[in-house]
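S.K.: When you get a sec, could you give me coordinates for this:
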Amino acid sequence: MPGGRLTQQERRQIAQGLADGLAYAEIARSLERPTSTITREVMRNGGPAAYRADLAHRATERRAHRRKHTPARAQESPAQGHGHDAEAMREYEESFTTLLMQQGLPKMMARVLTCIFTADTGSLTASELVQRLQVSPASVSKAVAFLESQGLVRRERDERRRERYLVDDDVWYQATIASAHGAAQVAEIARQGVGILGRDSPAAAHLENIARFSDFVSESILRAAAQAREVLFTKPETPAGDTVAPSSERG
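M.R.: Here you go, the predicted model:
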């Protein structure tokens with residue numbers, strides 16, 4: 001499978017594939033590239049509706065030029081702990097950010113959330129986010145405010161009274177529950193349509209199928225989320241017999 005940076009010709013093939021309505025996976029297969037490469041390329045260059053091959057190629061060249069001619073910038077960023085490979089981490093953070101953007105987050109909000117997720121400290125201050133992302137304090141402030149409003153991050157003060165932003169382990173559970181509730185709302189509005197259109201109409205039959213499907217998905221998600229939360233976040237108890245029983249039987 002080819003590696004390295006996308007060529008201008010490959011970008012033109014991506015643009016043509018998008019114009020033809022092909023999925024990212026289909027475009028990736030035709031280029032013998034990972035689907036994640038195509039997804040990241042499209043999302044960082046305007047999305048499927050605004051992607052332009054020549055503009056994307058020039059933007060990539062500009063980014064490469066900036067990285068090549070600004071070595072001090074890497075020194076300003078916090079050092080990677082635990083032996084992390086800086087280049088591998090950058091690629092991973094780009095992939096994570098792209099995924100979050102596909103889920104509906106604006107780019108800056110997705111970058112901030114990814115930054116917090118991948119911080120070994122588990123939390124970051126506003127100044128640390130500014131330094132790591134190389135953006136303005138106002139951009140970070142706006143992104144954090146949005147993420148807080150969505151329940152994706154929260155703030156707490158450290159021993160130096162600085163505000164730190166972190167993501168609770170429970171955030172994915174809450175996001176999943178919100179998704180289940182969204183599916184339940186789809187079912188509810190679809191059934192309202194059934195009542196208005198009358199059960200004998202073809203449109204009502206279609207809406208009823210939507211409602212049944214959405215109900216099933218919502219209930220399944222809620223059950224799975226509850227089970228996963230119990231299994232993953234319940235701390236195992238130490239068996240009493242491991243320590244107590246031997247001493248109580250001595251005589």
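
S.K.: Could you list the low-pLDDT ranges of this structure?
M.R.: 1-3, 65-84, 234-251 (pLDDT under 70).

S.K.: ranges for the strands of it?
M.R.: 123-125, 154-157, 163-166 (DSSP state E).

S.K.: Now for residue 111: which residues touch it?
M.R.: Going by CB atoms under 8 Å, 6 or more residues apart in numbering, residue 111 touches 97, 133, 135, 143. C-beta coordinates here come from the backbone N, C-alpha and C atoms, glycine included.

S.K.: what about the closest residue to residue 13 other than its chain neighbours, how many neighbours?
M.R.: Closest residue in space to residue 13, ignoring its immediate chain neighbours: residue 31 at 6.2 Å, by CB to CB, 6 or more residues apart in numbering. Per other CB atoms under 10 Å, the neighbour tally for residue 31 reads 20.

S.K.: tell me the contacts of residue 31?
M.R.: 2, 10, 13-14, 38.

S.K.: how far away is it from residue 98?
M.R.: Residue 31 sits 17 Å away from residue 98, going by CB to CB, to the nearest Å.

S.K.: mind listing what the nearest residue to residue 229 once chain neighbours are set aside touches?
M.R.: Distances taken as CB to CB, 6+ apart put residue 173 closest to residue 229, at 5.2 Å, once the chain neighbours are dropped. Going by CB under 8 Å, 6+ apart, residue 173 touches 225, 228-229.

S.K.: Separate out the buried members of the residues you listed.
M.R.: 225, 229 (16 or more other CB atoms under 10 Å).

S.K.: quick one: buried residues of stretch 130-146?
M.R.: Applying 16+ other CB under 10 Å to stretch 130-146 flags 130, 132-133, 140, 143-144, 146 as buried.

S.K.: swap in stretch 110-129?
M.R.: Buried residues in stretch 110-129 (16+ other CB under 10 Å): 110-116, 119, 123-126, 128-129.

S.K.: Distance from the chain centre to the longest helix belonging to the chain, please.
M.R.: Assignment by DSSP state H gives helix 202-233 as the longest helix of the chain. Its chain's C-alpha centre and that of helix 202-233 lie 22 Å apart, by CA atoms, centre = their mean, to the nearest Å.

S.K.: Please name the residues that touch the nearest residue to residue 163 once chain neighbours are set aside.
M.R.: Sequence neighbours aside, residue 155 is the residue nearest to residue 163 in space, at 5.0 Å (criterion: CB to CB, 6+ apart). Applying CB under 8 Å, 6+ apart to residue 155 gives the contacts 144, 148, 163-166.

S.K.: Mind checking which of the residues you listed are buried?
M.R.: Using 16+ other CB under 10 Å, the buried ones in the contacts of residue 155 are 144, 164-166.

S.K.: just to revisit the earlier point, tabulate the contacts of residue 173 in CSV, adding columns for distance to residue 195.
M.R.: Formatted as CSV, the contacts of residue 173 follow (distance: CB to CB, whole Å):
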residue, distance to residue 195
225, 30
228, 35
229, 35
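
S.K.: No further queries at this time; thank you.
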